[in-house]
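Engineer: next come a sequence and a model predicted from it.
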Amino acid sequence: MTIVVSDIRRDQRDNRLETSVSVRIGADTHRLSIFHSGDIGCIADSAPAYDPFVTLLLIPAMAQNMPIVVEGTLYAQRLDGFRRGMQTILSCASAGWNIVPIEAEAQTEARQPDLSKGAAIGMSCGIDSLYTYFDMQRSEVADNMRIKLLFHNDVGAHVDKKTFERHRDHARRFAAEVALPLITAEIDLRRFYTGRFIHSHSLRNAGAAMSVETSFHTYLYARANANLIQGPLSRSSGLDASEPMLLPLLNTSANTYQSHGMHIERISKTKEVMKEPAAQRYPVSYTHLTLPT
């Protein structure tokens, strides 16, 4: 069978922006939607793209050994990344992920990089995202790399809707405190993913961020650990070690994706975050520890 992605749409529904595509697998057809809320003015007038949806569907396609056919365009540089290096890296992480053909029309990048938009990060108010925020706000950081957009999403990490809403509310309060816009994305991917979330979180989160990429120049993925040795996926390990190679394969001439935090261990991040008064006002993981001096 083949995954056919087509008929991209964008609709305003109450206070949310819905971008959706038709996904056909054999005789089964349904719509896959990304719901955006929050400070969506910066993306409301942008043209929707198939790229985020292919990013979100790539691991499921490889796991089921199903080619992807897109009845539309993908950015040429990104399409080449999907077809070549990305699938090679993913197939090394799991013997059950097979390299599959991707058929789409290559779109020449017309957008130019806009450095004034700065960087965006996924903000969960956890140690990794808070460390990335404070680290990139240091005085010596160039203006084009400073955090100018916060992003929060639900792509399968939360055990239920109430947990997501609680984490979203933390992110909203933090965004208000630091006076930055916050965009939230909700995507129900349960139909496609059967494995553990940790095995696919890198591309799930990157695909969600890609859906708002017209609002930033660089996306910084807050990295969980400093281990740079990628072995086969296990119950407790994901694609973290591969992220420095995987994420740049999502780049276009207008947008850059990269991981942040690989240079520092979690306990050191925690010590740095706890120096920040703003961080101490949030229920952050590990802040209950007695830290070494």
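Structural biologist: Structure's in. What do you need? Keep in mind that this is a model prediction, so the values were computed, not measured. Numbering: from 1, shown residues only.
Engineer: phi, psi for the residue nearest to H260 when sequence neighbours are not counted please.
Structural biologist: Spatial nearest neighbour of H260, excluding adjacent residues (CB to CB, 6 or more residues apart in numbering): L220 at 4.4 Å. C-betas here are computed from N, CA, C, even on glycine. Backbone torsions for L220, taken as degrees, to the nearest 10, come to phi -100, psi 120.
Engineer: touching, L220 and T132? I think so.
Structural biologist: Yes - L220 is in contact with T132 according to CB atoms under 8 Å; the separation is 5.7 Å.
Engineer: give me the common contacts of those two.
Structural biologist: I121, I147, H260 (CB atoms under 8 Å, 6 or more residues apart in numbering).
Engineer: what about these, which one has the most neighbours?
Structural biologist: I121 (26 neighbours; other CB atoms under 10 Å).
Engineer: how far away is that residue from Y219?
Structural biologist: Distance, I121 to Y219, by CB to CB, to the nearest Å: 7 Å.
Engineer: and D154, backbone torsions?
Structural biologist: For D154, the backbone dihedrals (degrees, to the nearest 10) come out as phi -120, psi 100.
Engineer: determine the number of other residues adjacent to it.
Structural biologist: Neighbour tally, D154, other CB under 10 Å: 20.
Engineer: for I121, see how far away the closest residue to R235 other than its chain neighbours is.
Structural biologist: Of all residues not flanking R235 in the chain, R196 sits nearest, at 7.0 Å (CB to CB, 6+ apart). According to CB to CB, R196 and I121 sit 24 Å apart.
Engineer: likewise S20?
Structural biologist: Where I121 is concerned, S20 sits at a distance of 26 Å (CB to CB).
Engineer: all helices of the stretch 101-250 of the chain, in order?
Structural biologist: If you assign secondary structure with DSSP state H, counting those that start in this stretch, the helices in the stretch 101-250 of the chain sit at 127-135, 161-178, 201-210, 243-246.
Engineer: okay if I get the ones you listed as CSV plus distance to S268?
Structural biologist: Below are the helices of the stretch 101-250 of the chain laid out as CSV (distance: least, CB to CB, whole Å):
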stretch, distance to S268
helix 127-135, 9
helix 161-178, 21
helix 201-210, 22
helix 243-246, 19
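Engineer: with that, I have no additional questions.
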